[in-house]
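**Student:** generate coordinates for the sequence data below:
(one chain, ligands or ions: 1)
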Amino acid sequence: MGDNDELLGRVNDVNWFHSIPLRDGLVTPGQDNSMDKLGQVCLPEDLTGKTVLDIGAWDGFFSFQAEKNGAKRVLATDHFSWSGPGWGTKDGFNLAHEVLNSKVESMEIDAMAITPENVGKFDVVLFLGVLYHLQDPMGGLRVAADVCDELLIIETHVDDLHRWKPSMVYFPGDSLNNDDTNYWAPNVAAMRGMLKDLGFSRVEVVYPKRPWLRYAWPVRFLSAIKGVLERRGPFRQTINQGRMSFHAYR
Ligand SMILES: C[S@@+](CC[C@H](N)C(=O)[O-])C[C@H]1O[C@@H](n2cnc3c(N)ncnc32)[C@H](O)[C@@H]1O
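**Tutor:** Presented below is the predicted three-dimensional model:
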């Protein structure tokens with residue numbers, strides 16, 4: 001595609017979630033700050049020779065990044081935001097795929113329907129921003145674990161950060177961020193416990209960098225004030241919440 005104006009027109013026709021750099025000076029206008037999230041997810045910079053599965057890929061930012069980092073095969077999967085009940089479509093993925101001249105493969109499949117029989121097994125599995133959308137979070141983690149040979153990367157909403165014992169918070173209706181597709185947020189001990197029970201030998205919190213500091217009440221206090229200012233919910237709710245990324249190794 002040579003003509004920048006024509007490309008811009010096509011980009012503007014899409015309702016983007018991800019902010020994907022397509023060309024110098026042209027980033028898709030997604031609501032997601034994808035470059036920031038990339039830092040938080042700690043995707044390995046060298047994926048040479050690895051196979052990567054992206055569960056809930058949407059516009060494919062992380063799939064395309066895995067390809068850029070050298071993965072020999074990347075499979076992007078989604079359903080909810082491609083042709084399911086979500087507001088998204090697969091148009092963004094298709095356009096970015098074309099412009100980036102990508103070899104990323106794609107499969108339209110619901111996260112909970114993924115099995116080793118229908119997608120195969122992968123060295124690295126990305127499960128980013130998906131866990132809290134699932135009514136059965138342990139079942140969802142089992143799906144991801146069953147197709148993962150080496151490293152499972154999870155990015156998720158977390159709650160109950162003040163509790164050291166494993167716990168998980170349920171959000172009725174749209175009480176988390178006014179979104180009725182948000183159901184569950186685990187705390188760190190619950191994540192570690194579930195991933196250990198699913199056969200991972202080592203679980204690391206990779207974001208935030210100093211998780212123990214994140215549990216400290218002054219940090220949670222300031223974060224809750226930010227949450228109120230950003231209208232993410234009442235103070236008493238956001239004080240124990242946050243986003244975290246985990247790397248789980250076989
Ligand atoms: C917040 S987006 C995250 C997209 C991408 N993985 C990322 O981290 O930027 C949530 C993704 O989960 C997928 N998903 C799977 N099951 C879902 C469900 N039951 N409800 C909402 N989203 C769901 C959506 O299609 C979407 O791609």
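
**Student:** quick check: bridge partners of His247?
**Tutor:** Legend: beta-bridge partners of His247 under DSSP bridges are Ile153, Glu204.

**Student:** isn't it up against Cys42?
**Tutor:** Yes. Between His247 and Cys42 there is a contact at 6.8 Å, judged by CB atoms under 8 Å. Using the backbone N, CA and C atoms, a C-beta is placed for each residue, glycine as well.

**Student:** residues touching the helix or strand of the chain with the lowest mean pLDDT, excluding its own?
**Tutor:** Ranked by mean pLDDT, DSSP states H and E, the weakest helix or strand in the chain is helix 211-214, scoring a mean of 76. Helix 211-214 is contacted by residues 161, 188, 205, 208, 219-220, 242, 244 when judged by CB atoms under 8 Å, 6 or more residues apart in numbering.

**Student:** need those residues in CSV (columns: neighbour count).
**Tutor:** Shown next, in CSV, are these (neighbours: other CB atoms under 10 Å):
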residue, neighbour count
Leu161, 22
Val188, 22
Val205, 18
Pro208, 15
Val219, 16
Arg220, 19
Gly242, 23
Met244, 22
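
**Student:** how about these, which pair is most distant?
**Tutor:** Using CB to CB, the pair of the contacts of helix 211-214 lying farthest apart is Val205 and Arg220, separated by 15.6 Å.

**Student:** this protein against the ligand: which residues are in contact?
**Tutor:** Taking CB under 6 Å from any ligand atom as the criterion, the neighbours of the ligand within the chain are 32, 56-58, 78, 80-81, 86, 111, 128-130, 133-134, 155, 181.

**Student:** repeat the analysis, applying 8 Å as the threshold.
**Tutor:** For the chain, the residues in contact with the ligand (CB under 8 Å from any ligand atom) are 17-18, 32, 34, 37, 41, 54-59, 61-62, 78-82, 84-86, 88, 110-112, 126-130, 133-135, 155, 181.

**Student:** sort out for me which of those are in helices.
**Tutor:** 34, 37, 41, 61-62 (DSSP state H).

**Student:** residue ranges with poor pLDDT in this structure?
**Tutor:** 1-2 (pLDDT under 70).

**Student:** how close does the spatially most central residue of it get to Pro44?
**Tutor:** Closest residue to the average C-alpha location of the chain: Leu128 at 1.5 Å, with CA atoms, centre = their mean. Distance, Leu128 to Pro44, by CB to CB, to the nearest Å: 14 Å.

**Student:** contacting residues around the closest residue to Gln31 other than its chain neighbours?
**Tutor:** Distances taken as CB to CB, 6 or more residues apart in numbering place Phe17 nearest to Gln31, at 6.4 Å, with adjacent residues excluded. The contact partners of Phe17, by CB under 8 Å, 6+ apart, come to 30-32, 58-59, 81, 88, 92.
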